[in-house]
Each structure stands twice: as structure tokens, then as C-alpha cells.
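[1] model the structure of this input:
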Amino acid sequence: MPRTEQLVGTRALLLAAARDEFAAHGMGGARVGRIAEQAGVSKERIYGYFGSKEKLFAAVISEALTEHATLLGPPSADPAEYAGRIYDLHRRNPHLLRLMMWEALYYDGGLPNEQPRTARYRDMVATLSEALGSQSDTEPDTEPGSESDTEAASTLLALIGLAILPTAFPQITRLILGTAADASGGDDELRTHIVRLARRMVTPSSNALT
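    You can find the predicted model right below:
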């Protein structure tokens, strides 16, 4: 195997092993030795590739968020169904949400790669603003920082919160819904309800339930 391919393969193995470790234990509880053992390399390789455990954590988060964005895609013309897609994504990939929760606990202030991540969310807000504008009787204001963008940003945050809470806090879901949350078809029923609530949130008519 050419050395370049070997380096890429080793880096991918380290990131995969680190993702499992960080998702399970967070930045503070993760152990470089366990990551190295799972990847089948020495600890020195990790420091050679990434420099430190913190930089490895940042690389894992960056890769996970890129995967998240690719799987989810931009907000669609139907923002309520977009909430359903967010719900589906995190139910299928709970490690993505766990990594973001660990990130929130670890960093107090600025985040690694914050500027490109902010730009990505701005693009999402702009797309959602257009979708919301198409549902109203008025033309959306496309100027950055406009009132419609501010509303779209708050709506995006609310849609994400609505969609991820059952996965982020499964104990609350179980306490509120009881065995219904674990029953056959429980996920489908909850998803349907989330989409319905999201539709009420984004539709100009407060009576819209379909």
C-alpha cells in the first residue's frame, strides 16, 4: 500500500476509534490509550497525527458535524418535515448528538472551527427564511440580518430542539410517555406528532394541523 494511502487509512481508524471513545466518555473521560488500542496503533501515532487529545476531540467533532450536515441536507420547502428528518437522523445516529452534548459541556466560550460552522448555520437560516416566506402572504426579506432572518433563526432553533429532545433526554421521554415510547411503532407515532407540532409552529394559520 502506498504510504499516502496508509496514512489516510491510519487517520481514519484513529478518528473512528476516537469517535466511539469520545461519544461514550466525553473529552474528560476519554483515554488516548483506549483509542490507540482500538485503532491498533501506538499512542505516539495519535500525538503525531493530531498533536493532543483536545485536537483529536476537535477533529472528531468536525468530522461528525460534516457527516451530520451531509446526511441531513438543507432545510426543505416543508420545514415541518425537516423537523422529522432531524428526528430520524438522531434516532439512527445517537452518537452524533452525544458528541455535541459532550462538546457543550467541555467548551466554555469559543469552539474550534466556529466561523465555518456559523456560516453553515447562516446558510440554513437563509434557506429556511425563504421557505417560511413562501408560506406567508408577504415576500421574504432576503437581506442578511433582516427581521425574517431573525425569525427564521429562532424557528430553526425551535425545530431542532423539538426534534432532538426525545433522543437527547430519553429518560424524560420515558417518564412522560411511559411504555408507549418503547412500544412497537412508538418512534413512528412520536415522529408524526413532532412533525404535526412543527407544522403548527411554522404555518401562518394556527389551526393548521395537517
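
[2] look at the closest residue to R98 other than its chain neighbours and say how many residues are nearby.
    Once flanking residues are discounted, R98 sits nearest to A23: 4.6 Å by C-beta to C-beta, 6 or more residues apart in numbering. For the C-beta atoms, the positions are set from N, CA and C on the backbone; glycine is no exception. Counted with other C-beta atoms under 10 Å, the neighbours of A23 add up to 19.

[3] next secondary structure element downstream of the one helix or strand A23 maps to?
    Assigned by DSSP states H and E, A23 belongs to helix 3-29. The element immediately downstream of helix 3-29 (helix or strand, assigned by DSSP H and E) is helix 32-39.

[4] have a look at the chain and report the helix or strand with the lowest mean pLDDT.
    helix 3-29 (a mean of 84; mean pLDDT, DSSP states H and E).

[5] in that helix, what's buried?
    For helix 3-29, burial by neighbour count (16 or more other C-beta atoms under 10 Å) applies to T10, L13, L14, L15, A17, A18, R19, E21, F22, A23, G26, M27.

[6] and the helix holding A23, what does it pack onto?
    Applying 3 or more C-beta pairs under 8 Å, 6 or more residues apart in numbering; DSSP states H and E, we find helix 3-29 packed against helix 32-39, helix 43-50, helix 53-72, helix 94-106.

[7] could those helices go into JSON lines alongside distance to R174 and mean pLDDT?
    What follows is the helices and strands packed on helix 3-29, written out as JSON lines (distance: least, C-beta to C-beta, whole Å; pLDDT from 0 to 100):
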{"stretch": "helix 32-39", "distance to R174": "30", "mean pLDDT": "94"}
{"stretch": "helix 43-50", "distance to R174": "37", "mean pLDDT": "92"}
{"stretch": "helix 53-72", "distance to R174": "25", "mean pLDDT": "93"}
{"stretch": "helix 94-106", "distance to R174": "15", "mean pLDDT": "93"}
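
[8] would you format these as JSON lines with mean neighbour count included?
    Formatted as JSON lines, those follow (neighbours: other C-beta atoms under 10 Å):
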{"stretch": "helix 32-39", "mean neighbour count": "18"}
{"stretch": "helix 43-50", "mean neighbour count": "16"}
{"stretch": "helix 53-72", "mean neighbour count": "18"}
{"stretch": "helix 94-106", "mean neighbour count": "17"}
